[in-house]
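Trainee: any chance you can model this:
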Amino acid sequence: MYLIKRPDAQQIESFITAQSRLDFTYSSIGATRVAQSPAGYRVDHNRIRLGTGKDLYEAAKLALCDWQHYRFEWLTLYRRNHPPEPEQTVAALAHALGLWVLNACRVVYVIEETEPLIRFAFAYGTLPEHAEAGEERFQVEWHAEDDSVWYDIFAFSRPNQMLSRLAYPYVRHKQKQFARESMLSMQDAVAAAGR
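Mentor: Numbering: from 1, shown residues only. So this is what the prediction gives:
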């Protein structure tokens, strides 16, 4: 949703409630679980090594549960004050090109596995008032064989609204910025946990 004025907390809460009743804007619900993308979508896959050790993995998992990978100056996440869970609807508010952009997503799944590797992940998918259509997975992994801990983002998307089609080069720039800053936020979160 594109707005001229910054929405207040009540408007954002009403927006989240209304969007929570609507269907996803894409049909391949859950495809990020196995890192697959439907035809016609742009894929983004970004990974960063956070460090080593089971303790660091646990700190990364806690950071992900607290949405610390989503802490930027230019983007504000509105959510319930608890970890991600299926059916949870969230909204992200950004200021771009002189407009306020309010996007809605719903958590598709949360997984915690020990085979074939130890990982914790969740994904959310776009709802009708999102500028893009698609799904994004956020994952932390611990590879016991070399003790490494990774943060992994996998997403597929395409424009969902006319303005995002017209401004697509700028949209791509912001998607890449989001991935870079999300990885830096996770590095900061686990570094802070280790102090």
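Trainee: tell me which residues touch the residue nearest to residue 27 when sequence neighbours are not counted, please.
Mentor: Once flanking residues are discounted, residue 27 sits nearest to residue 38: 7.2 Å by C-beta to C-beta, 6 or more residues apart in numbering. Quick note: C-beta positions are derived from backbone N, CA and C, even for glycine. The neighbours of residue 38, taking C-beta atoms under 8 Å, 6 or more residues apart in numbering as the test, are 26-28, 31, 156.
Trainee: for residue 86, same thing?
Mentor: Residue 86 neighbours (C-beta under 8 Å, 6+ apart): 107-110.
Trainee: again with residue 111
Mentor: 33, 119-122.
Trainee: need the contacts of residue 38 in TSV with distance to residue 73 and neighbour count, can you?
Mentor: Formatted as TSV, the contacts of residue 38 follow (distance: C-beta to C-beta, whole Å; neighbours: other C-beta atoms under 10 Å):
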residue	distance to residue 73	neighbour count
26	29	20
27	35	9
28	32	16
31	31	21
156	26	25
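Trainee: quick check: longest helix in the chain by residues?
Mentor: helix 168-193 (DSSP state H).
Trainee: tell me which residues in the longest strand along the chain are buried?
Mentor: Using DSSP state E to define each element, the chain has its longest strand at strand 99-113. The neighbour-count check on strand 99-113 (16 or more other C-beta atoms under 10 Å) flags 101-109 as buried.
Trainee: what do you get for stretch 173-188?
Mentor: Here stretch 173-188 shows 174-175, 178-179, 181-183, 185-187 as buried, counting by 16+ other C-beta under 10 Å.
Trainee: state the pLDDT value of residue 162.
Mentor: Residue 162 is assigned 88 on the pLDDT scale.
Trainee: what is the neighbour count of residue 29?
Mentor: For residue 29, the neighbour count with other C-beta atoms under 10 Å is 15.
Trainee: contacts only, for it.
Mentor: Residue 29 neighbours (C-beta under 8 Å, 6+ apart): 108, 125, 135.
Trainee: can we see that at 10 Å?
Mentor: With contacts defined as C-beta atoms under 10 Å, 6 or more residues apart in numbering, residue 29 is in contact with 23, 106, 108-109, 123, 125, 135.
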